[in-house]
Structure formats: structure tokens, C-alpha cells
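> could you look at this predicted model? Sequence included:
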Amino acid sequence: PTTAIIVVAAGSGTRLGADAPKAFVGIDARSVLRHALDGIFAAAPMQVIVVAPAGFEGDAEAELRAAAGDRHELGRVVTGGETRQQSVAAGLRALWGDVTTVLVHDAARALTPPALIDAVADAVDAGTGVIPALPVVDTLKRVDGDAVVGPVDRSELAAAQTPQGFPRALLEQAYAVAADAGEEYTDDAALFAAADLPVRHVAGDERAFKITTPADLDRARRLLDAAAP
Ligand code: CTP
Ligand code: MG
């Protein structure tokens with residue numbers, strides 16, 4: 001395949017506060033990472049790079065084999081870095097073959113529907129990055145200390161999700177620019193845009209929410225319970 005997905009799973013999950021790194025925490029009988037990989041292998045075939053925490057490469061390999069079945073030749077595990085950006089960079093270095101489109105996806109968005117992965121991959125063209133985004137529903141305020149200093153027009157805002165998709169060559173170029181500048185960005189779209197490259201958005205999906213806190217893990221468990229036969 002000419003599309004690859006880098007699944008960043010190398011974080012520790014400080015805010016979740018579990019005993020294991022977040023990717024290896026069970027939602028039901030299956031871990032966060034396993035659910036993320038099940039979604040990916042239900043999408044169109046693509047190369048799959050799992051970026052694991054140091055010391056957990058073997059565990060990640062086992063999850064990858066279980067999810068991939070007879071498509072294990074599409075997958076590879078590499079070790080992540082201190083920051084998410086460094087973990088993505090490690091994933092980029094591990095690509096092989098004639099990949100032209102790269103998706104970057106948080107393992108923590110474990111219940112992301114396969115259709116969203118396909119929609120992002122399909123929307124990437126030679127010059128443009130693509131992110132899934134949802135409208136912001138909260139009423140937002142600009143604050144200064146405890147003072148509320150003004151409203152924010154939420155119609156011009158959107159909440160970004162993953163997977164985020166990019167032409168491989170331009171993403172590699174943008175990562176090189178960021179590394180030279182010593183800049184850290186909150187997501188790949190911000191890093192890509194900082195290199196003066198254009199990004200568009202497609203409709204996100206509620207189910208692509210990120211498991212960050214214990215309440216998010218509960219939400220994932222409820223969604224799986226509700227979906228069970
Ligand atoms: N991630 C990574 N390498 C890092 C940090 C984060 O691969 N050094 C990954 C996480 O595994 C996760 C995704 O980036 O899938 C989004 O990060 P986040 O939700 O912040 O996860 P953690 O950093 O693990 O959680 P926390 O910030 O609460 O410690
Ligand atoms: Mg983090």
C-alpha cells in the first residue's frame with residue numbers, strides 16, 4: 001500500500017493514572033492499543049507503524065500480531081521518544097517502501113471508526129494536509145486571571161482529532177523544519193502549518209475522542225457495553 005499510519009502509543013498516561021502505560025490499559029478484555037489497531041485493520045489496507053514506550057516493544061508487537069492476523073507483514077513496532085513529536089518522528093524514520101500518504105493517529109483515540117480513517121486518507125492530496133474536526137459546542141470565554149474579559153466566537157473554532165493525514169514528502173520536510181527550529185507543536189497539523197503548508201478539515205466523529213482521564217475510560221467502556229450484542 002502507498003498509505004501508512006503511524007500509531008503513537010509511547011506516552012505514559014499521567015492523567016489516566018493507571019498502573020501501566022495508557023496504550024496497555026484494558027478497556028474491556030482488549031487494551032487501548034488493541035482497540036485502536038482493530039479499527040485500523042478494519043480500514044483500507046495500509047502500512048502500520050506502532051510507536052511504543054521504551055521497554056514495551058514486545059507487548060506492542062503482541063498486540064499488533066493479534067490485530068493484524070495474516071496481514072502482519074504490514075506492521076512494524078518502533079520505540080518512541082520523550083514527546084509526542086519525537087515519537088511521530090521515530091515513526092516517520094521507520095516507514096519503508098513507496099509510501100506517499102502518511103496518517104498520524106493517537107492510540108488513545110481507541111474507538112475511532114474505520115470509516116473516519118478512510119475518509120482522512122481519501123481526502124489527502126499531493127499538497128494538502130487533512131484533519132478530522134468537530135464543531136465546538138461549549139460557550140467559550142476569554143479570561144485574564146479571574147476576570148472574564150470577553151466572548152469567543154465559536155463558529156470560527158473547531159476541535160481537532162486524529163488521524164491527521166499528509167503527503168509524506170511534505171510532512172517529512174515539515175518535521176525537518178521543526179527539528180531545526182527546536183519547536184514543539186501540539187499536533188501534526190500545527191507543525192505542518194508552521195512550515196507554511198496548507199491544511200483542510202473533514203467532519204470528525206464523536207467516537208474518535210481521546211481517552212485522557214478516568215472519566216474518558218469509563219465513557220469508552222460504556223460505548224463498548226452499549227455496542228455489545
Ligand atoms: N504519545 C507518544 N509519545 C509521547 C507522548 C505521547 O507516543 N512521548 C502518544 C500517546 O501514547 C497518545 C498520544 O500521543 O496515544 C496522545 O497523547 P496523550 O493523550 O497526551 O497521552 P499521554 O502523553 O500518554 O498522556 P498524559 O499526557 O496524560 O501523560
Ligand atoms: Mg501527553
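Perfect, I can see it now. Ligands and ions are numbered 1, 2, ... in the order given.

> need the contact list for the residue of the chain found nearest ligand 1.
Using C-beta to the nearest ligand atom, the single residue of the chain nearest to ligand 1 is Gly11, 2.0 Å away. (Each C-beta comes from the backbone N, C-alpha and C, glycine too.) Listed by C-beta atoms under 8 Å, 6 or more residues apart in numbering, the contact set of Gly11 reads 21-23, 53, 80, 84, 87, 108.

> make JSON lines out of the residues you listed and add distance to ligand 1 and neighbour count.
Formatted as JSON lines, those follow (distance: C-beta to the nearest ligand atom, whole Å; neighbours: other C-beta atoms under 10 Å):
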{"residue": "Pro21", "distance to ligand 1": "7", "neighbour count": "25"}
{"residue": "Lys22", "distance to ligand 1": "5", "neighbour count": "27"}
{"residue": "Ala23", "distance to ligand 1": "6", "neighbour count": "33"}
{"residue": "Pro53", "distance to ligand 1": "7", "neighbour count": "22"}
{"residue": "Gly80", "distance to ligand 1": "4", "neighbour count": "26"}
{"residue": "Arg84", "distance to ligand 1": "4", "neighbour count": "20"}
{"residue": "Ser87", "distance to ligand 1": "3", "neighbour count": "24"}
{"residue": "Ala108", "distance to ligand 1": "4", "neighbour count": "25"}
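
> okay, those residues in TSV with secondary structure and pLDDT next?
Below are the contacts of Gly11 laid out as TSV (DSSP: H, G, I helix; E, B strand; the rest coil; pLDDT from 0 to 100):
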residue	secondary structure	pLDDT
Pro21	coil	98
Lys22	helix	98
Ala23	helix	98
Pro53	coil	98
Gly80	coil	98
Arg84	helix	97
Ser87	helix	98
Ala108	coil	98
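
> tell me the one among those residues nearest to Pro1.
Among the contacts of Gly11, Ser87 lies closest to Pro1 (C-beta to C-beta), at 22.0 Å.

> distance from the centroid: which residue in this protein tops it?
In terms of distance from the mean C-alpha position of the chain, Ala147 ranks first, at 34.9 Å (C-alpha atoms, centre = their mean).

> not counting stretch 212-229 itself, show me its contacts.
So stretch 212-229 is in contact with 15-17, 25, 27-28, 35, 108, 110-111, 207, 209-211, going by C-beta under 8 Å, 6+ apart.
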